[in-house]
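Visitor: Okay, predicted coordinates and the sequence, questions at the end:
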Amino acid sequence: MANPFELRKALYEEHLGEVDSVFEDTDPTDPRYPKIDVLGFERDFSSEEDETDDGWVLVTSGMSDRRMQLDAEALEGEAPPRAELVWYVREPTEEILENLRWLARFPFLEQTWLGMGHTIPMPQPIFEGSALTTFFFLPPIITMEQELAENLRIGGDLVELYVVH
């Protein structure tokens, strides 16, 4: 059986192009949560109005190694038991990577699940100098990520992609 990381990476590259950076999870192994690597894809988001709009698409790889703990509400809504996260950023700073890994671990640390429209309020601003205090999760609206989400399966389960806002 193929390694889940390699399966995800191959599918990510099929839909998103070649991986520009792999940001490996260097935290010690903790049985409460899976290892969360982050794959980075550099993107040119330029438009006719804005000629220089470079950024990154960051996608977690490892969250879907384990099933989330679905409650009755999730089961009724037929929520997928596995997920990975996507975050569009200007630069993949260490602060962003740490936040993304923490969000990917959240369902396992709290023995819960993440789904479309879920929020995670924080007690303080998410970033220094920001007033934002809540993470919000939605399915992707960009075609490449939508197609990836339609084809990503681990252990026979559909893996949902959620964009971090």
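Guide: Good, I have the coordinates.
Visitor: For this protein, which segments count as helices?
Guide: 4-16, 72-76, 94-109, 143-151 (DSSP state H).
Visitor: Point out the most buried one among those helices.
Guide: Of all those, helix 94-109 has the most neighbours on average by mean count of other CB atoms under 10 Å, namely a mean of 18. Bear in mind the C-beta positions are built from the backbone N, C-alpha and C, glycine included.
Visitor: tell me what that one is packed against?
Guide: strand 37-44, strand 54-61, strand 82-89 (3 or more CB pairs under 8 Å, 6 or more residues apart in numbering; DSSP states H and E).
Visitor: if we can go back for a sec, nearest to Ser130, out of the helices of the chain?
Guide: Closest of these to Ser130 is helix 94-109, at 11.0 Å (criterion: CB to CB).
Visitor: for the closest one, what is the average pLDDT?
Guide: In this model, helix 94-109 carries a mean pLDDT of 94.
Visitor: And for stretch 124-135?
Guide: 89.
Visitor: Other residues contacting the helix or strand of the chain with the lowest mean pLDDT?
Guide: Ranking every helix and strand in the chain by mean pLDDT, DSSP states H and E puts helix 72-76 at the bottom, with a mean of 73. Contacts with helix 72-76, where a contact means CB atoms under 8 Å, 6 or more residues apart in numbering, come from Trp113, Gly115.
Visitor: again with stretch 137-154
Guide: Against stretch 137-154 from outside (CB under 8 Å, 6+ apart): 4, 7-8, 11-12, 15-16, 57, 64-65, 82, 84-86, 114-119, 158-165.
Visitor: The residue positioned nearest the centre of the chain and Val57: what is the separation?
Guide: In the chain, the centroid-proximal residue (CA atoms, centre = their mean) is Leu85; its distance is 1.2 Å. Here Leu85 is placed at a distance of 11 Å from Val57 (CB to CB, to the nearest Å).
Visitor: Check Ala104 too.
Guide: To Val57, Ala104 is 15 Å away according to CB to CB.
Visitor: same deal with Pro34?
Guide: Using CB to CB, Pro34 is found at 21 Å from Val57.
Visitor: Mind checking which of the two has more residues around it?
Guide: Set side by side, Pro34 and Val57 show more neighbours around Val57, with 24 against 20, by other CB atoms under 10 Å.
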